[in-house]
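**Q** Predicted model and sequence below, questions to follow.
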Amino acid sequence: MIDATTEPAADADRDRAQSYVVFRLGGEGYALEVLRVQEVLDVLAITEVPGSSRCLLGVINLRGHVVPVYDLRIPFGLAIDPKPARAPSVLIVENEAGNDSDVTGLLVDRVSDVLEFAPEQVQPSPQLGLGKTTPFVRGLIRHQDAFLLVLDVDRVFSVLATINGEGV
Amino acid sequence: MGSADDRFREMFYEEARELLISLEEGLMELERRQGDRAHLDKTFRAAHSLKGAAAMVGLGTIAEFTHGIEAVLDKIRTGGLVVDSDIITTLLESRDHLAAMVEGEAANSPIPGSGHLSQRLAALLFSSGRRDDPRPASAAPVPAPAPAPPSAPPPTAQKPEPPKPTPEPEPPVRQPVVEVAAEPPPAKPKRPRHKAEPTPKAHPKPRTAHRQTMPAAAVDEPAAGEIVYKIRFTPGPDVLKRGVNLLGVFDELRELGKLDVQANIDAVPTLSGFEPERSYLSWTCTLRTTAEPDRLDDVFLFVAEDGAISVERRLADGAFEAVETPLLKLPPGTPVATPPSTIPRPTPPPPAPAVQSTTAHPGEAPHPKPSEAADAINGQAKTAHAARAHGRIRVDAQQLDDLVGLAGELAVISDNLQGLREIRSASPWVATIESLLRVSREIRDTTLDLRMVPVDELFSRFPRFVRDQADRTGKEIDLRIVGQETRLDRTIVERLGDPMVHLIRNAVDHALETPEEREAMGKPRVGRITLSAGHEGDRVAIKVEDDGRGLDRERIVRKGVERGLIPPGTPADDPRVVSLIFEPGFSTRDQVSELSGRGVGLDVVRDSVRALRGSLAVESEPGQGTSFIFRLPLTLALIDGLLIETGGGRYVVPLAQVEECVALGGVQQALSAGRPCVTVRGELVPTVSLRNLFGIDGPPPPRQELLLTRHSGRRVGVAVDRLSGRVQAVIQSLGEGLHSLSRFSGATILGDGSVSLILDLSALVSESRIAESHSRNKPAAGVWAENVR
């Protein structure tokens, strides 16, 4: 608050700006609120779960807790690259905002950055044109001559839950 | 409200829940243990403490409602009321409402007290006062309107004020001074002990009229063994705001013996300065009793906090000596509040009553601060002591589970370190490694033990439940409970409640006959339900047993054949018949009973027991009764398992599910009804291949292992690639989304840090059968027919 008197404008901006984890998946750039992301891991030993849905890659040991890891390519309708160029990353995401004891891993191609954007930089997402990803995108951010798709992670989890409930 | 208040509230809710449980237990037993004074006292204390605790955190409505219950219990305690079933029902219903009020507060949506129940409670007090009170003369003055009852202003708005009409009727021979209001001239009610009754007119003037001397009372010589106490009591100014009913204090004192009360109204200001919610009164009581000073503590427990109390006892020479009790003890050297031992108390000089009233109440003024502090400290010590009495501390369940998980992992890790002993250069550390193993195993076992609770926590709700069900159905039922001290995993105890409720309700509705039917059959009129718990090897068996009519096997067979679950012509005494009742949607009732749960069947019960890694069996004799037997693991947190490999993946199989392992290379393979079977020692055993089920390509290793398990009473083999050892696994849930994968009951982390899935063989076998019957598009025939869904 003391800062506010010295640098009012900058601080107000900072107050409203949100940090996003920026990652790439299937050639697109995505952004996800940093508050929901607990950590980013390199892919380690994943234990497959036979009979689960195809988007469940398996479970991992996250410091003593068993955490499922999902591949977003399947719900997003992206081609599965059989030989990824480089080791992918796993975003450990809170299933509910603010609850850090219940997390899920999401496999992405590469985490590139953490950036801040002000709310007005987030544009509403188009109703069409993003293919299967449309329902999972809740906004667009123009960044470096391209658009970042802002991920609606709650929507992702609810779809994953439906897929799990249906079995394979 | 500050956070400290919230914390106290939280503490109150926890305490209240415990008290409500003991209140319920106490009430349930009350009828049976009529003469048991200690039991009655215990029950009363539960209500009393709850009332006090509620008042202390400012939950006046709860305190008030509880007071109604307490008053009835008190009436029973003093012999004024004979316990019968109706009274217990009223008290239990009130308790339930009280529980709802507490939970309502906890959930921030307060529920008001039930006027209806309060009336019923009050009615109990009234009726009994006339009917049962042995002292004839006493009842008369109470309801009579004329001699303004000793209690608060007549039209008190607060409904449950039952003690008012009840107060242990004054002893027939009244002292002239006993109660202020008994005095004839100013037929004016005593000063309000209740808030919000400013008794408007006239109160400044007749003050003197109220200031009584008590000449005769004290002269009265005490009987042998009696002690005469003089108690000066000045409650804190905010006592009414806290919802404390001061009348209760006098009622309680009256229980202890013969009580004379004298009010001091000097501190009451004129109307202009009068704050209705403030307490201005102090009292001097003379109590003749055989009770020990400690009993007085109980009385003043909830008002001592910010008030001033002094107790003196009369010595043989008529002088008074201060009495020390843990709560009332004054710091040494503290002068007693008011000049001691002169009975007609010299009233404090009245020059400036107005000033006095605003600063403090007269009794407190001479009190040096330390005494107040001491009171507060003693009060805290008292609650601390009460908490310690249980010898327990409360622990967050989540933290406990985390601890169990970590302790289990620690044990696994130190198990793995044992490999170091083989390394020569590590030899100096061998002893340390061994100690590490020992200690970590002990830590694991102790933490696991923390999760264990006596099954009584589950059973204790059923006496009430059975009573209600018996009332509802008009049957007479005797519930027996055996082995309630058996300890079981907390989660199991929590989750077994609904299945047991289901079985007990079935027993009441369907199994037990009406008293008339039973008599006609030569059975005792009263039906019996027995709940028992005990150890069976490394499992705990919990049995729900009734002596009712037993299962109707003919009817089950008929239904089973109708539904294609068993081949026609199956004899009624086939052992498989009774287990049909666990099939989904299977009910021998043609119409849904009006009484029993609709739609939800025993299959749900069985499934919930399976989810706890337990089993459910049934035994039944026609005309003799039925028993349902749950067999459950001691703990859910840990399993002994076999580590197996299939198609490169490692899995854990609970040892309890494996009867035997045989090498698959040597046994003869065959097909039976299109299903792969092997012959094990002459017996044809159907097999399930884990490789097929998991969709693993490639040829199996030349020599596979077959795990023999039992499914629906039959042996089944599960073929796996390799056995690689035994593990003790700490079970973790697979997480929300994966519950539908019933083939895995969880996951565990192996010593090398990798995650391994825990297989549920029984679920695997059912799954493979479903898959097969789907692929063949017709129900499987023959031996397996009864299992097809």
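**A** Arrived safely, thanks for sending. Residues are numbered from 1 along each chain as shown, chains lettered A, B, ... in the order given.

**Q** check contacts around the residue in the stretch 301-450 of chain B that chain A sits nearest to.
**A** When distances are taken as Cβ to the nearest Cβ, the stretch 301-450 of chain B approaches chain A most closely through residue B:409, which lies 5.8 Å from it. Quick note: C-beta positions are derived from backbone N, CA and C, even for glycine. Applying Cβ atoms under 8 Å, 6 or more residues apart in numbering or on different chains, one finds that residue B:409 lies in contact with A:64, B:730, B:749.

**Q** what residues does chain A put near chain B?
**A** Proximity of chain A to chain B, by Cβ under 8 Å from any Cβ of the partner chain, involves residues A:45, A:47-52, A:56, A:58-61, A:64-68, A:95, A:101-102, A:104, A:160-161, A:164-165, A:167.

**Q** Now list the buried members of these.
**A** Buried subset of the residues of chain A next to chain B (neighbour count, 16 or more other Cβ atoms under 10 Å in any protein chain shown): A:47-52, A:56, A:58-61, A:65-68, A:95, A:104, A:160, A:164.

**Q** just checking, which of those belong to helices?
**A** In helices, defined here by DSSP state H, the members of these are A:160, A:164.

**Q** The helix or strand where the residue of the stretch 301-450 of chain B closest to chain A lies: which residues count as buried?
**A** Residue B:409 belongs to helix B:397-417 when elements are defined using DSSP states H and E. Residues of helix B:397-417 classed as buried: B:401, B:403-405, B:407-415, B:417 (neighbour count, 16+ other Cβ under 10 Å).

**Q** Dump that helix to PDB, keeping only the CA atoms.
**A** Included here for helix B:397-417 are C-alpha records, laid out as PDB according to Å, rounded to 0.1, in the frame of the first residue of the first chain:
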ATOM      1  CA  ALA B 397      -8.200 -37.100  10.400                       C
ATOM      2  CA  GLN B 398      -6.400 -36.000   7.200                       C
ATOM      3  CA  GLN B 399      -3.200 -35.400   9.100                       C
ATOM      4  CA  LEU B 400      -3.500 -38.800  10.700                       C
ATOM      5  CA  ASP B 401      -4.000 -40.500   7.300                       C
ATOM      6  CA  ASP B 402      -1.000 -38.700   6.000                       C
ATOM      7  CA  LEU B 403       1.000 -39.900   8.900                       C
ATOM      8  CA  VAL B 404      -0.100 -43.400   8.400                       C
ATOM      9  CA  GLY B 405       1.000 -43.200   4.700                       C
ATOM     10  CA  LEU B 406       4.400 -41.800   5.600                       C
ATOM     11  CA  ALA B 407       5.000 -44.300   8.300                       C
ATOM     12  CA  GLY B 408       4.200 -47.100   5.900                       C
ATOM     13  CA  GLU B 409       6.500 -45.700   3.400                       C
ATOM     14  CA  LEU B 410       9.200 -45.400   6.000                       C
ATOM     15  CA  ALA B 411       8.800 -49.100   6.800                       C
ATOM     16  CA  VAL B 412       9.100 -50.000   3.100                       C
ATOM     17  CA  ILE B 413      12.100 -47.900   2.600                       C
ATOM     18  CA  SER B 414      13.900 -49.400   5.500                       C
ATOM     19  CA  ASP B 415      12.900 -52.800   4.300                       C
ATOM     20  CA  ASN B 416      14.700 -52.000   1.100                       C
ATOM     21  CA  LEU B 417      17.800 -50.800   2.900                       C
END
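
**Q** Name the next helix or strand downstream of that helix, please.
**A** Towards the C-terminus, the helix or strand next in line after helix B:397-417, according to DSSP H and E, is helix B:430-450.

**Q** tell me the SS of the residue nearest the centre of chain A?
**A** Among the residues of chain A, the smallest C-alpha distance to the mean C-alpha position (Cα atoms, centre = their mean) belongs to residue A:32, namely 4.8 Å. When classified by DSSP: H, G, I helix; E, B strand; the rest coil, residue A:32 comes out as strand.

**Q** Any idea what the closest residue to it other than its chain neighbours is bridged to?
**A** Across the structure, with Cβ to Cβ, 6 or more residues apart in numbering or on different chains as the measure, the residue nearest residue A:32 apart from its sequence neighbours is residue A:151 (4.6 Å). Listed by DSSP bridges, the beta-bridge partners for residue A:151 are residue A:137.

**Q** roughly how far apart are residue A:151 and residue B:12?
**A** 44 Å (Cβ to Cβ, to the nearest Å).

**Q** In terms of neighbours, single out the busier of the two.
**A** When residue A:151 and residue B:12 are compared on other Cβ atoms under 10 Å in any protein chain shown, the one with more neighbours turns out to be residue A:151, at 28 against 22.

**Q** give me every residue that touches that one.
**A** If you count contacts by Cβ under 8 Å, 6+ apart, residue A:151 has them with A:30-32, A:136-138.

**Q** follow-up on the earlier one: so of the buried ones among the residues of chain A next to chain B, which ones are in strands?
**A** Among these, the subset assigned to strands under DSSP state E consists of A:56, A:58-61, A:65-68, A:104.
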